[in-house]
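Enquirer: need coordinates for the following:
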Amino acid sequence: MARPQLPETSPGQLRAKQAWNAGLIGTGRDSAGLPVVAPCTVGACASPAVSDQAPAAGLVQVAGSADGAAAHWYCNGRCAAIARARAELRTIPTRPGGDR
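Expert: The predicted structure is shown next:
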């Protein structure tokens, strides 16, 4: 059962709401139109690191996890951060049944 929402009409409530929203007022933008995952536009992103030389300018090498995953070249920013996070997640020991 959803909790009923009371209208925020008092001046104190409106000031608190504006402070909570970092000064923003009005309705927010519709998030349904935004893609959840945006495809990377860099052609050489996620290419295997076969040498120490980047295949394109602006790429960073992300080491594979300790379980033997190979290093790859990623664009500096979101792709590299996701690759580092995935490598860190692979280091979590698994339980005997295969679950993490």
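
Enquirer: packing partners of the lengthiest helix in the chain?
Expert: In the chain, taking DSSP state H as the definition, the longest helix is helix 78-90. Contacting helix 78-90 under the criterion 3 or more Cβ pairs under 8 Å, 6 or more residues apart in numbering; DSSP states H and E are the following elements: strand 59-62, strand 72-75. Glycine gets a C-beta too; all of them are placed from N, C-alpha and C.

Enquirer: who are the packing partners of the last one?
Expert: In terms of contacts (3+ Cβ pairs under 8 Å, 6+ apart), strand 72-75 is packed against strand 47-48, strand 59-62, helix 78-90.

Enquirer: ok, now with 6 Å
Expert: Judged by 3 or more Cβ pairs under 6 Å, 6 or more residues apart in numbering; DSSP states H and E, strand 72-75 is in contact with strand 59-62.

Enquirer: same deal with the first one?
Expert: Taking 3+ Cβ pairs under 6 Å, 6+ apart as the contact definition, the neighbouring helices and strands of strand 59-62 are strand 72-75, helix 78-90.

Enquirer: now the longest one: buried residues?
Expert: Translated: helix 78-90. Residues of helix 78-90 classed as buried: 79-80, 83, 87 (neighbour count, 16 or more other Cβ atoms under 10 Å).

Enquirer: chain center to it: distance?
Expert: A distance of 9 Å separates the centroid of the chain from that of helix 78-90, by Cα atoms, centre = their mean, to the nearest Å.

Enquirer: give me the residues contacting it.
Expert: The contact list for helix 78-90, computed with Cβ atoms under 6 Å, 6 or more residues apart in numbering, reads 40, 45, 60, 62, 65, 67, 74.

Enquirer: kindly report the same for stretch 54-71.
Expert: Contacts of stretch 54-71 (Cβ under 6 Å, 6+ apart): 44, 47-49, 72-76, 80, 83-84, 87, 90-91.

Enquirer: okay, it in CSV with CA atoms only?
Expert: C-alpha atoms of stretch 54-71 as CSV (Å, rounded to 0.1, in the frame of the first residue of the first chain):
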residue,chain,number,x,y,z
ALA,A,54,47.5,2.3,-27.5
PRO,A,55,45.7,1.6,-30.8
ALA,A,56,44.2,5.2,-30.8
ALA,A,57,44.9,8.4,-29.0
GLY,A,58,43.1,8.9,-25.7
LEU,A,59,42.8,5.3,-24.7
VAL,A,60,43.9,3.9,-21.4
GLN,A,61,44.9,0.4,-20.6
VAL,A,62,42.8,-1.4,-18.0
ALA,A,63,44.5,-4.5,-16.5
GLY,A,64,42.5,-7.6,-16.4
SER,A,65,41.5,-9.3,-13.1
ALA,A,66,43.8,-11.6,-11.2
ASP,A,67,41.9,-14.6,-12.5
GLY,A,68,43.7,-14.3,-15.8
ALA,A,69,41.5,-11.9,-17.8
ALA,A,70,43.4,-10.1,-20.4
ALA,A,71,44.0,-6.3,-20.3
